[in-house]
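The amino acid sequence is not available; the structure is as follows:
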C-alpha cells in the first residue's frame, strides 16, 4: 500500500483531529496531503433565507449563486412547506452550469443570468455583501449573503491546479463544505478538484456526497482511517 500512495497528491477535507491524523498517515506512506479548509453549514443566513423564500413572489427573479446555495434554499423551502410547484411562477436564475443542474434536480426551471427589466427587483441568494453583480441590469438588488464563506489561500489554489490523484471526504458535513468550496473557487482550481471521484468514510458521508452531485469512487470499509487509507490506495492503483 505504501508504494501505491507514494508521490500521490491526496486532497482531503480539513476538519477535526481525524483530518490531522489522516494527513500524518498519508505523509508516512509518501503521499502529498493537500488540506481543504471547508466550512460547516449553513453557508447562508438562515432567517434572511426564509424571509426571502416567503416573499419570493415579490421578486422578478431569484438568482442562485452556487449549487450549495440551491441545496440550502431547498432545505429551507421544505421546512416552510414549499415544494418546487410553489416556485413555478418565479424566474429562477443560475450563476453557472453546476448551479443550473442543482436547480433542475430540485424541479425548477432555470436560466442563466441575462438581461432583466431595468426596474426589476431581484433577490440574490449567496455571495458576499459587496459582490458587484455587473451582469445584472436590475435597479434594486436584495441579497441573502454568505455568513460562512469558504476561505482558501492562493497557495491552495496553486496546489490544486497542479492536479490531484484522489479526494477524501471525512464527516457528514464534508460534501456540503466541498460543494461550497467548488462554488467559490477559481474555475481552474474547481475543475482540478472535481476531476477524481470522491472517497468517503462512512455511509452518511457517501449519501450526502451523492446529494451534492459527487461521484463516489470508493467507500472506506471499515469506516475508519485505516479503511480510508486502503480505499485511497485502491483508487490510485485502479
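Arrived safely, thanks for sending. A quick note: this is a predicted structure, and the numbers were derived from the prediction, not measured. Numbering: from 1, shown residues only.

Run through who's touching stretch 68-81.
41-44, 46, 49-50, 53-54, 64, 83, 86-87, 99, 102-103, 106, 125-126, 176, 179-180, 183, 211-212 (Cβ atoms under 8 Å, 6 or more residues apart in numbering). Any C-beta I mention is one placed from the backbone N, CA and C, and that applies to glycine too.

give me the number of residues near residue 204?
14 (other Cβ atoms under 10 Å).

Can you name the element that comes right after the helix or strand encompassing it?
Per DSSP states H and E: residue 204 is located in helix 203-211. Next helix or strand after helix 203-211 toward the C-terminus (DSSP H and E): strand 216-219.

Just checking the distance from the helix or strand just after that following strand to the centre of its chain.
Next along the chain after strand 216-219, taking DSSP H and E as the criterion, comes helix 225-237. Taking Cα atoms, centre = their mean, to the nearest Å, one finds the center of helix 225-237 at 23 Å from the center of the full chain.

Now do the contacts for the residue most central in space within the chain.
The centroid of the chain falls nearest to residue 179 when counting by Cα atoms, centre = their mean (0.9 Å). For residue 179, the contacting residues are 66, 67, 68, 71, 212, 213, 214, by Cβ under 8 Å, 6+ apart.

Now residue 68: phi and psi?
Main-chain torsions, residue 68, degrees, to the nearest 10: phi -60, psi -40.

repeat for residue 91
Backbone torsions of residue 91, given as degrees, to the nearest 10, read phi -70, psi 120.

Do I have it right that it meets residue 111?
Yes. Residue 91 is in contact with residue 111 according to Cβ atoms under 8 Å; the separation is 7.3 Å.

These two: which has the busier surroundings?
residue 91 (17 against 12).

can you pull the pLDDT of the more buried one?
For residue 91, the model assigns a pLDDT of 89.

Check which helices and strands the helix or strand containing residue 191 is in contact with.
With secondary structure defined by DSSP H and E, residue 191 is part of helix 187-194. In terms of contacts (3 or more Cβ pairs under 8 Å, 6 or more residues apart in numbering; DSSP states H and E), helix 187-194 is packed against helix 154-161, helix 174-184.

ok, then the element right after it?
Past helix 187-194, the next helix or strand by DSSP H and E is strand 198-201.

Let me see the mean pLDDT of that following strand.
Per-residue scores along strand 198-201 average to 94.

cool, and stretch 64-82?
Stretch 64-82 shows a mean pLDDT of 95.

Kindly report the same for stretch 174-186.
Mean predicted confidence for stretch 174-186 is 91.

which parts of that stretch are buried?
Burial within stretch 174-186, assessed by neighbour count using 16 or more other Cβ atoms under 10 Å, is assigned to 174, 175, 176, 177, 178, 179, 180, 181, 182, 183, 184, 185.

what do you get for stretch 20-28?
Neighbour count says stretch 20-28 has 22, 23, 25, 26 buried, by 16+ other Cβ under 10 Å.

farthest pair in the residues you listed?
Spatial extent of the buried residues of stretch 20-28 (Cβ to Cβ) is set by the pair 23 and 25 at 7.4 Å.

before we move on, the earlier item: quick one: distance of the helix holding residue 191 to the chain centre.
The answer for helix 187-194 is 12 Å, by Cα atoms, centre = their mean.

mind giving me CSV with the helices and strands packed on helix 187-194 and columns for distance to residue 60?
Below are the helices and strands packed on helix 187-194 laid out as CSV (distance: least, Cβ to Cβ, whole Å):
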stretch, distance to residue 60
helix 154-161, 35
helix 174-184, 23
